[in-house]
Every structure is written in structure tokens, then in C-alpha cells.
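Novice: Fold the following for me, if possible:
(chains A and B)
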There are 2 protein chains.
Amino acid sequence: MKRTAFFISDGTGITAEALGQSLLAQFEFIEFEKITLPYIDSLEKARKAVARIDKASEIDGNKPVIFDTIVNSEIRAEIRKSQGYMIDIFGTFLEPLEQELGSKSTYTVGKSHSIVSNSSYNRRIDAMNYALENDDGARVRYYNEADIILVGVSRSGKTPTCIYLALQYGIKAANFPLTEDDILDQRLPESLRSYREKIFGLTIDPERLAVIRNERKPNSKYASIKQCNYEVEEVELMYRRERIPYLNSTDYSVEEISTRIMMMTGIERHIR
Amino acid sequence: MKRTAFFISDGTGITAEALGQSLLAQFEFIEFEKITLPYIDSLEKARKAVARIDKASEIDGNKPVIFDTIVNSEIRAEIRKSQGYMIDIFGTFLEPLEQELGSKSTYTVGKSHSIVSNSSYNRRIDAMNYALENDDGARVRYYNEADIILVGVSRSGKTPTCIYLALQYGIKAANFPLTEDDILDQRLPESLRSYREKIFGLTIDPERLAVIRNERKPNSKYASIKQCNYEVEEVELMYRRERIPYLNSTDYSVEEISTRIMMMTGIERHIR
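Specialist: Numbers count the residues shown, from 1 in each chain, chains lettered A, B, ... in the order given. Alright, predicted model coming up:
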């Protein structure tokens, strides 16, 4: 059985997508064709959207599901004329919230994304630039500015995590790769010792590490299970010996690794 | 008037945050203290969360607002014992969706994020690595793999946009900086000509560009308004002359730039 799902917004559509995806993920036996229609901010665009929805309805032989975060009531009324089944995210919650808060809402959806000149947006972009410039142990002289310094063997997930922490939460995260030479004596590398309280370790199952490294350098010593076993074992010994908090990233997405690190270390997000 | 808002989840909390932030942004005259409590997946953690909510309620002198995406009904019942005002995102929409879809949901929230071994997750990480390795014109020999190649003057927003396109949508985006030398003759640089159909231009208001560049290299020729004016003018002439689609990034966030580029070019997201 196939269904089409539409995420419709007068902004980027990111909120409608995030909620819609999470809800649809609860229906694992249904295959959804997912279509995002952002910036539906005029009646003309709404009519075009309706045409797409009705076309999908005809082809599928059942109602498309619509997740929308449009606030303008005229535009929404237009979408409502379609054959789709509408899940009204804002409408459902705004009115009860207005009552509880004793305040009228400004009904300007997408507001939380229109933040170009705002300090929390700049903070995120600064943090992303910081992550890029302090990636892979490129330099340690700006580590005093870091909120956190991720360490771990090559390909254990440091870089994507640093970038996600920056982009989502405005956290300045540097990363430093632990090579075979660094961990020979199971001690924290010299250059990191003065930043001990900011250091967080990543580890990964050696089998998974070997798969990832093989994609990069097939059949190399670097990607061999023997080498991966050795590096991971040494690095974990070092974490324990130096009492560095660490996380095994194997079963987690970048989003999960990032939120777990924040929870374990108590570092604060810098955007709001 | 101050209110506390809690985003509570048995997963990362990202969905609860995204929806909650968007809804709260509609109430611009209320100052919210926002607290995310992720991974609330046991009764014990739920009880601790309740204690935090009740504390906030006492201090604020009014009910904290709770946005939750917890699916386990026992854990949710525990949270419901708090003094908070609960906005039940999943509960509100899952039951009507079950009826419309004629299918029971699996009630496993966070599912859409638990995707480590899944191909769309790998696609996002591959795309991020691609963006990092093909940043700032570092190399053009992998441009055949690109879904899109962003061009623009230094500091016009290319890198953050490439990374966002990768992380959010699994799109492989390379970027190439247009320097003064590249745009002397108002033609597309030689090395880009064979990828013309993948090229998308960014531009930016010269005043804003000067501010951004001044943060980086204060009082340099590079950051002078004269230089910024010149580069932007030349680059826009080139875009028009070469018929390259382009966008002025000045008033947009990275999320908005990314979604607008996708809409203007029709490039497809690679994750679902």
C-alpha cells in the first residue's frame, strides 16, 4: 500500500517535515512518498499545491496526508479544498496555548527561522566556522575558545558530531584525532593536557570501524580489523586511565551522539 | 512575565524542540526559559523530570509549558503528574492518523532518528564528508559526483549552505570561491565550465559582506566596502552574462538559503 505525504509550509518546511517524519515513522508497514512544498505564501502557490495533492490522490487511489504549518487562514483554507487529509499542527496547539498563556499569538509562522541578523544565528555560524577551522587537530592554539574538544581514533565520528553541535546548538567543538603514536603510552597527548576538563572521547566497535575505513582505503593496514582492534583497545584504556568521559558511537546517529554528549557533560547550548 | 518551557522526549528531543520553538515564537511578548530533557525513557528519569518541572513552576509562579514526544504511556502518565501544562504532540495526532491510515502505529518514538545502519543516514554522512573535502575550491576533480556546485565571493555563505544541504538532505554540494582573478572577464572560470548545469551562484549585499569580512580581517583591503562592492558587482554581472541561477543570501538563514536553492534548482533530496 502506497500513500503520499505532503509537508507544506509558508517557510522552509523544516518543522512540518520534522514532526511529520516522526509521526509517519510510527507506521512502518506503510510506504510513504514524501513531498515537501516550502514557501507556500500566496493563494496562487496554494492552488498549485492543491493540484499536486489531488493528482497524487488520484494516482494513489487514497488520500494524501498533509502536515502543514501555514498560518495565514486564507492560504490554509485553499489547501483545505484539496483531497488530502490535513494534520493541522499550528491550529491544533496555538489556540489552547493562547488560553494557557493568556496572550494572543502573533501568527507569524517561520519566525523562529527568520533570524539572520540575530545573535543566536550568528553564534551558530561562528560555531560552524570554528568547527571547520579546528577540525582534525589542525591547530590547538584556539582550544581555549572551545566549549568541548572531541578526541577519538580516525573515523570514529568526531567531525560530523562537531559540525552538528555547532549548527544545531551553537556549541564550539574542536576535534583531535588520536593516532597510534599519540596513544602509545596510554596517556593523553601532551598538547591536550591543559584542556583536560573540555575533553570528551568517542569510541566505536572495531568491526564497524573497519567497515568505515575500508570504504575509504580498501584493503589497507589502516582499515584492517587487527589495526582497528588495536587502536580502539588502546584508546579505551587511555580514556579509563585518564578518566576521560566517553561514548561508544556505533549504534547512534550524529543527532543522538550530540545530544548524549551534551547530557553527559552538561555543556550548555548557546542558542535559543 | 517569565515562563519556563520544557521539551521532553524519550529520544534526542529534536522533534519536540523544533515544534515547540516554532509555537513559542508566536508569543513574542513572553520570555521563555527553555529546557530540553532528552532520553527520558524510564519512570525514574520521569520522576526527576517532574521534580524539575515542579521546581520551575514554584519559582515562576505559573505553569511551565511541556512539549513532549514520549510514547510510553506509563512514562507519560508520570510526567502528567507534574504542575506543567502538557502539549501532547504524538498523542494528539497519532490516533486520528491511525484511523485515516487504517493501520496501528508501532509507537516507537525516535524511530526516525535511530537510523545508524540505514542507507539514508550513511548518505547524509557521505554527503557531509563530500562537502568538507570539496570545500572552497580545494579540488575540482570530484565535481562529477556533485549534486550541486555553489559559487560566490569569499564569505557569501557557501560553506555553511553546503554542509546544511548534506546533513539535512543528503545532497552532495561542492563549493568554489570566485576570486577577483576568476571574474576579471565576467566569465565562468575555465575549470567550472564543464559542470555548468550544476552551478548555482550566491550573492550578498556588499555592506553585509564588509561587516562579515571585517570580523575576519579587520581593516583589510579584503574587507573594505570598495572591494566588496567591486567583487559583488562583477560576480553578479558574470551570473547574468552566463545565465547562472543565483540567490542573494543577505536576509536568509542557512536553512532558508538551502531550501530556496532546492526549490529553484529542483535538485532532489537523497534521504527519506
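Novice: show me where the stretch 151-272 of chain A has strands.
Specialist: Counting by DSSP state E, counting those that start in this stretch, the stretch 151-272 of chain A has strands at residues A:173-177, A:199-203, A:246-248.
Novice: I'd like the average pLDDT over the first one.
Specialist: Just to be clear, that refers to strand A:173-177. Mean pLDDT, computed over strand A:173-177, is 96.
Novice: How about that strand and chain B, any contact?
Specialist: No - using C-beta under 8 Å from any C-beta of the partner chain, strand A:173-177 never reaches chain B; the gap is at least 12.1 Å. For glycine as for every other residue, the C-beta is placed from the backbone atoms N, C-alpha and C.
Novice: Residues in contact with that strand: which ones?
Specialist: A:127, A:130-131, A:134-137, A:140, A:142-143, A:146-154, A:158-159, A:161-162, A:165-166, A:189, A:191-192 (C-beta atoms under 8 Å, 6 or more residues apart in numbering or on different chains).
Novice: Buried subset of those residues as a PyMOL selection?
Specialist: Burial among the contacts of strand A:173-177 is assessed by 16 or more other C-beta atoms under 10 Å in any protein chain shown; the matching PyMOL selection reads:
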select buried, chain A and resi 127+130+131+134+135+137+140+143+146+147+148+149+150+151+152+153+154+158+159+161+162+165+166+189+192
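Novice: Keep only the contacts of strand A:173-177 that also lie close to chain B.
Specialist: Filtered for proximity to chain B (C-beta under 8 Å from any C-beta), the contacts of strand A:173-177 shrink to A:D135, A:T159.
Novice: burial measure for the residue lying closest to A:D205 once chain neighbours are set aside, as a count.
Specialist: With C-beta to C-beta, 6 or more residues apart in numbering or on different chains as the criterion, A:D205 has its nearest non-adjacent residue at 4.4 Å, and that residue is A:T250. Counted with other C-beta atoms under 10 Å in any protein chain shown, the neighbours of A:T250 add up to 17.
Novice: can you check the one 10 residues further on too?
Specialist: Counted with other C-beta under 10 Å, the burial measure for A:R260 works out to 17 neighbours.
Novice: wouldn't it be in contact with A:Y252 here?
Specialist: Yes - the pair A:R260 / A:Y252 is scored as a contact, 6.9 Å apart, by C-beta atoms under 8 Å.
Novice: what about the residue of the stretch 51-200 of chain A found nearest chain B, which SS state?
Specialist: Nearest to chain B in the stretch 51-200 of chain A, going by C-beta to the nearest C-beta, is A:S105, at a distance of 3.6 Å. Look at A:S105: counting by DSSP: H, G, I helix; E, B strand; the rest coil, its state is coil.
Novice: That one: neighbour count?
Specialist: 22.
Novice: Please apply the same query to A:T69.
Specialist: Residues near A:T69, counting by other C-beta under 10 Å: 27.
Novice: again with the one 10 residues further on
Specialist: Residues contacting A:I79 under the criterion other C-beta under 10 Å number 21.
Novice: out of everything not next to it in sequence, what's closest to it?
Specialist: A:I79 sits nearest to A:A46 (C-beta to C-beta, 6+ apart), 5.6 Å away.
Novice: elements contacting the helix or strand hosting the one you found?
Specialist: If you go by DSSP states H and E, A:A46 is part of helix A:43-60. Helix A:43-60 sits against strand A:2-8, strand A:31-37, helix A:73-80, with contacts defined as 3 or more C-beta pairs under 8 Å, 6 or more residues apart in numbering or on different chains; DSSP states H and E.
Novice: which residues sit against that helix?
Specialist: A:2-4, A:6, A:8, A:33, A:35, A:37, A:39-40, A:63-64, A:66, A:74-75, A:78-79, A:81-84.
Novice: Can you list the buried residues in it?
Specialist: A:K45, A:A46, A:A49, A:V50, A:R52, A:I53, A:A56, A:S57.
Novice: State the distance from the first one to chain B.
Specialist: To tie it back to what came earlier, the one meant is A:K45. 11 Å (C-beta to the nearest C-beta, to the nearest Å).
Novice: Now do the same for that residue: its pLDDT.
Specialist: For A:K45, pLDDT reads 97.
Novice: how near is A:K226 to chain B?
Specialist: 23 Å.
Novice: was I right about A:N229 contacting A:P206?
Specialist: Yes - counting by C-beta under 8 Å, A:P206 is a contact partner of A:N229 at 4.5 Å.
Novice: These two: which has the busier surroundings?
Specialist: A:P206 (19 against 15).
Novice: Low-confidence regions, the stretch 151-272 of chain A specifically.
Specialist: A:272 (pLDDT under 70).
Novice: Start from the N-terminal end of it and give the helices.
Specialist: For the stretch 151-272 of chain A, the helices defined by DSSP state H, counting those that start in this stretch cover A:158-169, A:206-216, A:225-242, A:254-265.
Novice: tell me the angle of the third one relative to helix A:206-216?
Specialist: Looking back up the chat, that one is helix A:225-242. For helix A:225-242 against helix A:206-216, the angle by axes from the mean of the first three to the mean of the last three C-alpha atoms, to 10 degrees is 120 degrees.
Novice: For helix A:225-242, buried residues please.
Specialist: A:Q227, A:C228, A:E231, A:V232, A:E234, A:V235, A:E236, A:M238, A:Y239.
Novice: got it, and stretch A:186-197?
Specialist: A:L188, A:P189, A:L192, A:Y195.
Novice: show me what contacts A:A18?
Specialist: Applying C-beta under 8 Å, 6+ apart, the residues contacting A:A18 are B:I14, B:T15, B:A18, B:L19.
Novice: try it again with 7 Å
Specialist: B:I14, B:T15, B:A18 (C-beta atoms under 7 Å, 6 or more residues apart in numbering or on different chains).
Novice: Just give the nearest non-adjacent residue to the residue in the stretch 151-272 of chain A that chain B sits nearest to, would you?
Specialist: Relative to chain B, the nearest point of the stretch 151-272 of chain A is A:T259 (4.3 Å; C-beta to the nearest C-beta). Leaving out its chain neighbours, the residue that sits closest to A:T259 by C-beta to C-beta, 6+ apart is B:T12, at 4.3 Å.
Novice: Neighbours of that neighbour, how many?
Specialist: B:T12 has 26 nearby residues by other C-beta under 10 Å.
Novice: Surely A:I125 is in contact with B:I163?
Specialist: No - counting by C-beta atoms under 7 Å, A:I125 stays clear of B:I163, with 10.7 Å between them.
Novice: so who does A:E234 touch?
Specialist: Taking C-beta under 7 Å, 6+ apart as the test, what A:E234 contacts is A:I183, A:Q186.
Novice: for the one 10 residues further on, same thing?
Specialist: Under the criterion of C-beta under 7 Å, 6+ apart, the neighbours of A:I244 are A:I199, A:G201.
Novice: and it, backbone torsions?
Specialist: Dihedral pair for A:I244: phi -90, psi 130, per degrees, to the nearest 10.
Novice: For A:I8, see how far away it is.
Specialist: Spatial separation of A:I244 from A:I8 under the definition C-beta to C-beta, to the nearest Å is 46 Å.
Novice: Ok, A:L97 next?
Specialist: From A:L97 to A:I8 the distance is 21 Å (C-beta to C-beta).
Novice: Which one's more surrounded, those two?
Specialist: Legend: neighbour count by other C-beta under 10 Å for A:L97 and A:I8, higher for A:I8 (29 against 20).
Novice: in terms of contact, does A:I14 touch B:V254 like I think?
Specialist: No - counting by C-beta under 7 Å, A:I14 does not reach B:V254; the two are 11.0 Å apart.
Novice: can you tell if stretch A:82-101 touches chain B?
Specialist: Yes - Stretch A:82-101 lies within reach of chain B by C-beta under 7 Å from any C-beta of the partner chain, at A:Y85, A:I87, A:I89, A:T92, A:F93, A:L94, A:L97, A:E100, A:L101.
Novice: just checking, what packs against the helix or strand harbouring the second one?
Specialist: Here A:I87, judged by DSSP H and E, is contained in strand A:85-88. Counting by 3 or more C-beta pairs under 7 Å, 6 or more residues apart in numbering or on different chains; DSSP states H and E, the packing neighbours recorded for strand A:85-88 are strand A:65-68.
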